Each structure stands twice: as C-alpha cells, then as structure tokens.
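[1] After the sequence you'll find the predicted model.
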Amino acid sequence: MPPTARAANQSFRQNGRWAAAAVASLVALAFALHLGAARAGEGTTAKNAYVTNQLGNSLSVVDLGAGKQTAEITIGGKPAGIALSPDGSRAYVAAPDSREIVSVDTVTQKVLKRANIGQGPLGIAVNPQSGVIYVADWYEHRLYAVDPLTLAITATVATGQSPSGVAVTADGSNILTADRDSNQVSIIDAATFKVTATMPTGERPFGVTIDDAAGRAYTANVASNSMTVLDLKARTQLQDVPVGLRPYAVARAGNALFVTNQHAESVSVIDATSLSPIKTIRVGSFPEGIEADPTGTAIWVACWDANTLEKIDVATLTVVARIPVGEGPRAFGKFLR
Amino acid sequence: MQKLVKAFTVLFALLPFAAAHAHGPSRQKVVETIEINAPADKVWAVISNYKDFTWHPDIAKSEANDGMEVEKTKRSLTFKKGGVVTDKLMAYEPDRKYISYMTVDVDLKMLPVSGYSSYFTVTPDGDKTKLEWKGAFYRGYVNNNPPPELSDKAAVDAVTAFQRAGLEALKAKIESGS
C-alpha cells in the first residue's frame, strides 16, 4: 500500500471519522486514475473482458473493441467468480466445484497457479491498493484473505450465512460481503480483518457493488426482487428499490444504476439520485454479471443462458453488441480490464 | 436400500433448515425441443393452460389457484408415483407465446432438483411448430458433497428425461387431436 494511503487508513481507524475516509478516497482515486482503473466516468475504455463460463468450465477473453472472443482458457471446477489484479496482469477465478482459486496470466493467457480455498469459493474481489484477494466461502460462511502470489490463505473472518458477492472500497480500507442467507451486508475492516458492522438488505442479497463517489453500496436481492441502497457513512439501509425478477448484480454508469434480472431477460435502469425507474432493457436470457466501462459510456452484461456478453450503450439505453462467449457465462465480479 | 432410506431420513430431517431459496453454486441447464405437426396456436393453447399439466405422462393431478399472475399463481402437481411438487408462474406472455414457471417445493423422490424453472417457447415453422422446453435448475442437495442420487448429474439426467417425456407426450396428444 502506498504510504499516503496507509497513513490515511490509520487515521481512519484511530478516530473513525469519515473525513479521513474522504482523504483516503481522494488518494485512492488519484492512484486509480494513475493505474487507469478508475470508476465509471473517470477512466479510459476497457480493452478486454474476462468472462467465467460455468457450464463450459472456462474463461473467455473478449476483445471489447473488436467485439469478439479471442481466447477460451480451460479452467475446470465450474468457474463463477472473477477478479483482476490492480495492474490487470492477473485474472483470479473462483471455481466452487473444485474448491479452487485459479490465477491466470492475462498476457500469456495461461493458468499460472491454482490452490484449494475453503469449501465453496464463489465471490471474489481484489483490494485495489494492496492487491490482496478476498474470497467468500458459500458453505463455510467465511471470507478469506488470500496472498496473490502464493494463493495461500493469510486471514479468515466469519461472515453471515452464505456470503456471495464481495466488494472493496477504492481506498482499500473496507470489504463488503453480501451475506445471502442472512439478508445483510457485512463490513470488514481490511487492516484488522474483523467485521465492524452489518447492514440489513432485502431478501437474499447476491451481488454487492460499491459506489465510492456516492458513499453508497448496492445489493441485488434475489428473493425480494429488489435492489438495496446502503449508506456507507451511516452504515444503514437507505432504501429498497423494486427491480425485475431474480436480480443478480448492480453497476453504475453516469447517474444511472443497472441491475441484471436473471429471470426477466432484462436489465432495470434506475435513476441513481431519485431511485425511480428509467427503463427496462431487454437483453439475452439469464443476465448475470454486470460491469460499467470505466468511461461510463457502456455497460457489459454476461447472459448465462444466451451464452453472450452484451453491450448496453448508456446514452441510448439499448443493446448495441452481442458477443458469443463460452457455455453458461456468469462473470460474477469485476471482469473488465 | 436401508442405506438409501437412512440417507433420505437424514436429508428430510435437515430440510427445514435449508431455506427454500438455498442452492448450490452451480446452476444446470437442459434444453429439449420437438417438432409438432400442428399450428402454433394449437400448441400454445395446451402449454399456456397453466392449470392443467396432466399432458405430462408423469403427472396424475394438477391443481392451481385462480388467475395468471406472476409469482402469485401457484400450482400443485401430484405425480403418478405419489409425490407432490409445487410451482409458481414466472412469466406469461401470450403475444410471443412464452410461458415460464419455477418450482417452490420439490419432493426430491419425484425430481432431484431445487429452484427448477421451465421456459417454453413456441415458434411457427410453416404449418408445423417448433416447441422448446428449457430447464434451469440446481441439484437436489443444496449443500456440499451431495450423495450420488442428488448430484448435478442426477439432476441433469432426471430433468432431461422429464422434459423429453413431456414433449413427446404433448406431441402425441396434439397430433392425435385429443
């Protein structure tokens, strides 16, 4: 971690004031911009997508500019979760069936290393500052910190029941898990690796997404067909917003939130300020993993049943590309580079 | 056999703790299609009648509450083997001849699955009709280390047979004019 970010983090821990977090966020933002990994609206266009194909046991590499898959790397173990290292040189895949984390070199497009992690590794995220990997264990109800080089577990914390989605704040100070069967989000301090708070959500939250600029987080709640908006400063639920059938995950671009509705073949578009619906976009069958391009001009959606990665143009709110990928794409996590 | 009975006893003892929506991390898919020698309207008339699922050869009795409301209209299916599976309507779109439903409670001895959703798509092909039945589901055992009879493979095999048998019976029923 850069010294300035560490100092800011320590200050944050000591006095617990969000002013410190704001400083940390600014520092983090500066670094993120520097690394070309800024949040939607502030970065350069993503070049590639790394899409986990759960039924196909593979990882698709998609050239987003050319609009086609350029490689399909064999992974095994029914891969679902995906995360990228801060510099984009590694893709980390969570394979729940073989209980493994698989590290892939994004340059050579080869598997570098694989390691058994827990009983049901599913959700995965990377600390944008330290590069530490976090893996949620669906069956053991824990979050692991995993060393990115050795893939060894370095710390473990108990979460709520069946943690699924994982997200990390841009300053690297806090980790969120969507505890699906506890209807809550846990906040874990990245430095101490302890749960510092839980926030109630709708029923069965699956994906969790952090909106650093707004100081908010969003969960897609599978059973209540809703999206919960969480205030990360007050550490409370702000609102539970109705979306489509069986929502999976949320992304933000511009002033809109995009939610994949697995059973409705659609993406709900919600105004990020008023939280009222703007539009429902028909996409491929079983839309799941979703992420905004860093420029905020496009949204990418993996469609599990249609076997596609689809591009939504944010200006017109229409699907402008459907790229065939492997069998059963989930792309659960951050998959754009 | 005794071992199997024991396994099921343990399983059912555990069931109340397994939330209705819980599932393993890996969703499975089975797609079956059939060509029916009848116009699309005729095929749609049978499969859109959510209340009556007795066209499936495994089903003895089919009862549903009134209406066609997504997630509210529910159905109870009694299998000829004796067990009961309940499901609910998930989509009903007559304009594009599309209907979907999803299991709520499943007797695992009838179908070793959980969260099994079915999607029917009717496509006219001249004076014939192509009918697709797509199933998306999880295995019957929602925790880790499933017994063989409740594994991913068992679920895929059972759903494949269930959908195939259903489509063939439906084709025979419609083409014979009954």
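    Good, I have the coordinates. In this text the structure is predicted, and so the values were computed from the model without any measurement.
[2] Name all residues that make contact with the residue of the stretch 1-150 of chain A found nearest chain B.
    Using CB to the nearest CB, A:P96 is the residue of the stretch 1-150 of chain A that sits closest to chain B, at 4.0 Å. Where C-beta positions appear, they are placed from N, C-alpha and C, glycine not excepted. Counting by CB atoms under 8 Å, 6 or more residues apart in numbering or on different chains, A:P96 makes contact with A:G77, A:K78, A:A80, A:G81, A:G120, A:P121, A:L122, A:W138, B:G24, B:P25, B:S26.
[3] which non-adjacent residue is nearest A:V132?
    A:A145 (5.4 Å; CB to CB, 6 or more residues apart in numbering or on different chains).
[4] State whether that neighbour is indeed within a strand.
    Yes - assessed with DSSP: H, G, I helix; E, B strand; the rest coil, A:A145 lies in a strand.
[5] Make TSV out of the contacts of A:P96 and add distance to A:G284, secondary structure and pLDDT.
    TSV is the format used below for the contacts of A:P96 (distance: CB to CB, whole Å; DSSP: H, G, I helix; E, B strand; the rest coil; pLDDT from 0 to 100):
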residue	distance to A:G284	secondary structure	pLDDT
A:G77	25	coil	96
A:K78	20	coil	96
A:A80	18	coil	97
A:G81	21	strand	98
A:G120	27	coil	95
A:P121	26	strand	97
A:L122	22	strand	96
A:W138	25	coil	95
B:G24	24	coil	68
B:P25	21	coil	69
B:S26	20	coil	90
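[6] Would you agree A:D181 falls within a helix?
    Yes - counting by three-state DSSP, A:D181 falls inside a helix.
[7] That one touches A:G160, doesn't it?
    Yes - taking CB atoms under 8 Å as the definition, A:D181 is a contact partner of A:G160 at 7.2 Å.
[8] Turn the contacts of A:P96 into JSON lines, columns for neighbour count.
    Shown next, in JSON lines, are these (neighbours: other CB atoms under 10 Å in any protein chain shown):
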{"residue": "A:G77", "neighbour count": "20"}
{"residue": "A:K78", "neighbour count": "24"}
{"residue": "A:A80", "neighbour count": "30"}
{"residue": "A:G81", "neighbour count": "29"}
{"residue": "A:G120", "neighbour count": "24"}
{"residue": "A:P121", "neighbour count": "31"}
{"residue": "A:L122", "neighbour count": "28"}
{"residue": "A:W138", "neighbour count": "28"}
{"residue": "B:G24", "neighbour count": "26"}
{"residue": "B:P25", "neighbour count": "24"}
{"residue": "B:S26", "neighbour count": "20"}
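[9] Can you tell me which of those is nearest B:F79?
    B:G24 (23.6 Å; CB to CB).
[10] Next one: B:I59 from B:T103, what distance?
    13 Å (CB to CB, to the nearest Å).
[11] scratch that, A:K194 is what I was asking about
    When A:K194 is compared with B:T103 (using CB to CB), they lie 40 Å apart.
[12] Looking at those two, which is more packed in?
    B:T103 (20 against 11; other CB atoms under 10 Å in any protein chain shown).
[13] Verify the contact between that one and B:M110 for me.
    No - if you go by CB under 8 Å, B:T103 and B:M110 don't touch, sitting 10.1 Å apart.
[14] which residues do the two both contact?
    Contact with both B:T103 and B:M110 is made by residues B:V85, according to CB under 8 Å, 6+ apart.
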